[in-house]
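A.B. asks: The following block contains a protein sequence and its predicted model.
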Amino acid sequence: MMNVYRLIILSSSLLLLAAGGQQAVGAERSDPVYQGRLEIYGGNEGNALNCSLPFDNGNFPFKNMEDCNNDNASAFKLIDVPSAAFITFFDAPDCASHDNFIIKMKTVKHPTNTETPVDLTAASKKNPNEVIAPGIIMVNTENDQGQIKDKLSCVKIERSTGPDS
């Protein structure tokens, strides 16, 4: 009788350990630090993938990049991008000077994902703090009424320095 009792206790303990391990794995998955990606799209409809960038701090001048075609982009998608990040799109290849346009936006959702490519021309018409797409708001835009479609030359990414960056 004592052996049956010990077997029940041992079995119960093993079940609790197994369930506890699953909870720990589940908790780990629900709070990951997202690296994220920024995909750049071009083509007539803005749905042809031009290139995919890691969502790291820095400037990404297309003129100097083998994978991204300069002046051949009109839309973007965000994949698992953290909140409180700034993304600035430039027509200037140095990501600093102002040729025709500068479009700066901020992510406000963690993680931020866009289902379909977001058109840069449409985004440029938004006012500050206006929603561009779910999880993305406009910070500011400068446009000298120049063409935006197929003029993108550089992207600047500024990740938050918060705990999820």
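C.D. replies: Now that the structure is in, tell me what you want to look at.
A.B. asks: From start to finish, how long is stretch 82-98 in a straight line?
C.D. replies: Stretch 82-98 has an end-to-end distance of 27 Å (criterion: CA to CA, to the nearest Å).
A.B. asks: go on, stretch 81-100?
C.D. replies: Terminal residues of stretch 81-100 are spaced 27 Å apart (CA to CA).
A.B. asks: For it, buried residues please.
C.D. replies: For stretch 81-100, the neighbour count (16 or more other CB atoms under 10 Å) marks 81-85, 87-93, 95, 100 as buried. The C-beta positions use only the backbone N, C-alpha and C, and glycine is treated the same way.
A.B. asks: repeat for stretch 57-72
C.D. replies: 60, 61, 62, 68, 69, 70, 72.
A.B. asks: Nearest to residue 41 among the residues you listed?
C.D. replies: residue 72 (9.7 Å; CB to CB).
A.B. asks: pretty sure that closest one is touching residue 50, no?
C.D. replies: Yes: at 5.8 Å, residue 72 counts as touching residue 50 under the criterion of CB atoms under 8 Å.
A.B. asks: so how many other residues sit close to the spatially closest residue to residue 79 that is not a sequence neighbour?
C.D. replies: Leaving aside its chain neighbours, residue 79 sits nearest to residue 37 (4.4 Å; criterion: CB to CB, 6 or more residues apart in numbering). Using other CB atoms under 10 Å, residue 37 has 14 other residues around it.
A.B. asks: beta partners of residue 37?
C.D. replies: residue 54, residue 79 (DSSP bridges).
A.B. asks: what's the answer for the one 5 residues further on, then?
C.D. replies: Residue 42 has the following beta-bridge partners by DSSP bridges: residue 48.
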